[in-house]
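**Student:** Have a look; sequence and predicted model below, questions after that.
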Amino acid sequence: MSQAPETAAEVAASAGEEPVTRPTATGESDESGVGSDQICVDLPDLKGMLPQELQELAIELGERAYRGRQLYSWIHERGVDELSAMTDLPASFRRQLASSSRVSRLVQTERRESAEGTAVKFVFHIPGAGHVEAVLISDGDRRTACLSSQVGCPLECQFCATGRMGFLRNLTAAQIVDQFLALCRYASARGERVTNVVMMGMGEPLLNYDNLVQALRIMRVETGPSIGGRRMTVSTAGYVPGIRRLAADDLNVGLAISLNATTDELRSQLMPINRKYPIAELLAAAEEFFSRRGRRVTYEYVLMAGVTDTDEDARRLADLTRDGVCKINLIPYNELAPVAEGGSPGSRFRRPSDERINQFREIVALRSPHTVTLRLSRGRDIDAACGQLYREVHRKRKDVTTD
């Protein structure tokens, strides 16, 4: 018998951390763990269903299967959320749907565009659980949607703005998809098209596995958003059971692993999940992913001045990843802006100088047989790193409340 997936609270506890919850928008704390997807409305959300599921629903309600395909087209091709506006569906069918289901749409509360035009950040309200962020990143002809999977995160990585929030709730498949659709609408209005999806926003995607996979499958449907699996990447802080589960699945998406340290001692300090799934086990899971899916893994490594950017770190990084089929992506730390007097929770972390970044890259590239890239910062002027704009929006609301 297979073991049930761990909850967020179990993962945090096994790493030696107390699970952190924060008050929801209703003032109550959500401590229900990773399986909690209930929001204020309990009706099934049609936006989170695949075409086959909508066809089955149509049949259950006494209609022909093609009505389900029409319903999918209205939601994902035409971007219509009101059942009453789906005029080629029978009125009786629409009434049945309205009484037994819903089509949600996230409310956008903030949007910021970077001065250089390479990133646009969106903040969306999640009923009963605060806000999440998504970013549209422009790079040449590529338009990448960076999406969130959870409100907050249970893993408490010390350098991450989202990790400082604690864990509030999983997003439903519909809420993940709706971030994508909102970014698609924005891109379309500019005469562009979203070409890639990365699950690198707020939360640990592999701790919301079922909703993650459902959303990715919806985004892949040819008659809807139609993003191919090879243009999708799931990023993880190192949740090994989730990596193995993704390797066994048929999604054929890419995998990025946030490594960020080259010794278990330091990685456990920065990323408490390492206490349960240390580096050797993580590398083994990455090799399993490649052997089963045939796609090289990307190791992401955040450069923090005086913490992860020494020459010895560079040599260890090259040696640790030498035997795998992978790519190494170096990411200069995106500093957290202070949220109150006394500084930011992440203020002890700093971005290295450009000279140090280039030196580190040269050492890794000379020693490693793999491709080594340097991710250029996009949207630093709009707090584009995950969780940063959320912190500012939340601070402003607190200031208004206390004034």
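**Tutor:** Perfect, thanks for sending it.
**Student:** make it CA atoms for all contacts and neighbour counts henceforth
**Tutor:** OK.
**Student:** For I218, list the residues it contacts.
**Tutor:** Residues in contact with I218, defined by C-alpha atoms under 8 Å, 6 or more residues apart in numbering, are G48, M49, L50, V177, G224, P225.
**Student:** residues touching the residue nearest to the last one when sequence neighbours are not counted, list them.
**Tutor:** To tie it back to what came earlier, the one meant is P225. Among residues not flanking P225 along the chain, M219 sits closest, at 5.2 Å (C-alpha to C-alpha, 6 or more residues apart in numbering). Contact analysis of M219 by C-alpha under 8 Å, 6+ apart lists V177, P225, S226, I227.
**Student:** give the contact list for the closest residue to T310 other than its chain neighbours.
**Tutor:** On the basis of C-alpha to C-alpha, 6+ apart, the spatially nearest residue to T310 that is not a chain neighbour turns out to be F360, at 7.3 Å. F360 is in contact with D309, T310, D311, A314, counting by C-alpha under 8 Å, 6+ apart.
**Student:** Mind picking the one among the contacts of I218 that's closest to Y277?
**Tutor:** Proximity of the contacts of I218 to Y277 (C-alpha to C-alpha) peaks at V177, which lies at 29.7 Å.
**Student:** In contact with that closest one, which residues are there?
**Tutor:** K47, G48, A215, L216, I218, M219.
**Student:** hmm, back to that, in terms of distance to E116, which of the contacts of M219 ranks first?
**Tutor:** Nearest to E116 out of the contacts of M219 is I227 (C-alpha to C-alpha; 26.2 Å).
**Student:** neighbours of that closest one, just the number please.
**Tutor:** 19 (other C-alpha atoms under 10 Å).
**Student:** Tell me how far A85 lies from Q108.
**Tutor:** As judged by C-alpha to C-alpha, to the nearest Å, A85 and Q108 stand 22 Å apart.
**Student:** Compare those two (neighbour count), which wins?
**Tutor:** Q108 (16 against 11).
**Student:** Report the beta-bridge partner residues of that one.
**Tutor:** On the basis of DSSP bridges, Q108 is bridged to F124.
**Student:** Now do it against G238, distance only.
**Tutor:** Counting by C-alpha to C-alpha, the gap from Q108 to G238 is 31 Å.
**Student:** Repeat that for T321.
**Tutor:** With C-alpha to C-alpha as the criterion, T321 and G238 are 15 Å apart.
**Student:** neighbour-wise, which of these two wins?
**Tutor:** Ranked by neighbour count (other C-alpha under 10 Å), T321 and G238 place G238 first, with 27 against 17.
**Student:** Check what pLDDT that one gets.
**Tutor:** With respect to pLDDT, G238 has a value of 98.
**Student:** just checking, it touches K276?
**Tutor:** No. The pair G238 / K276 is not scored as a contact, 9.7 Å apart, by C-alpha atoms under 8 Å.
**Student:** ok, of the contacts of I218, which one's closest to F289?
**Tutor:** Out of those, the member with the shortest distance to F289 (by C-alpha to C-alpha) is V177, at 24.9 Å.
**Student:** For the residue of the chain most remote from its centre, what are phi and psi?
**Tutor:** In the chain, counting by C-alpha atoms, centre = their mean, S92 sits farthest out from the average C-alpha position, at 38.3 Å. Backbone torsions for S92, taken as degrees, to the nearest 10, come to phi -70, psi -40.
**Student:** Read off the pLDDT value for it.
**Tutor:** For S92, the pLDDT comes out at 97.
**Student:** distance of it from S84?
**Tutor:** Distance of S92 to S84, computed by C-alpha to C-alpha: 11 Å.
**Student:** out of the contacts of V177, who's nearest S188?
**Tutor:** Using C-alpha to C-alpha, the contacts of V177 come closest to S188 at M219, 16.1 Å.
**Student:** Look at the closest one and tell me its secondary structure.
**Tutor:** helix (DSSP: H, G, I helix; E, B strand; the rest coil).
**Student:** Figure out the helix or strand that E335 lives in.
**Tutor:** Assigned by DSSP states H and E, E335 belongs to no helix or strand.
**Student:** got the contact list for the closest residue to it other than its chain neighbours?
**Tutor:** With C-alpha to C-alpha, 6+ apart as the criterion, E335 has its nearest non-adjacent residue at 6.0 Å, and that residue is R350. Counting by C-alpha under 8 Å, 6+ apart, R350 touches M304, A305, Y333, N334, E335.
**Student:** So which bits of stretch 262-269 are buried?
**Tutor:** T262, T263, D264, R267, S268 (16 or more other C-alpha atoms under 10 Å).
**Student:** what's the closest of these to T373?
**Tutor:** Closest to T373, out of all of those and judged by C-alpha to C-alpha, is T262, at 17.5 Å.
**Student:** all helices in the protein, in order from the N-terminus.
**Tutor:** Shown for the chain, the helices assigned by DSSP state H span residues 8-14, 51-60, 66-72, 91-100, 173-189, 209-220, 240-248, 264-270, 279-293, 311-320, 354-367, 388-402.
**Student:** how does the protein divide into domains?
**Tutor:** 8-31+105-402, 48-100 (automatic domain parsing).
**Student:** quick revisit: may I ask which two of the contacts of V177 are separated the most?
**Tutor:** The most widely separated members of the contacts of V177, counting by C-alpha to C-alpha, are K47 and L216 (12.6 Å).
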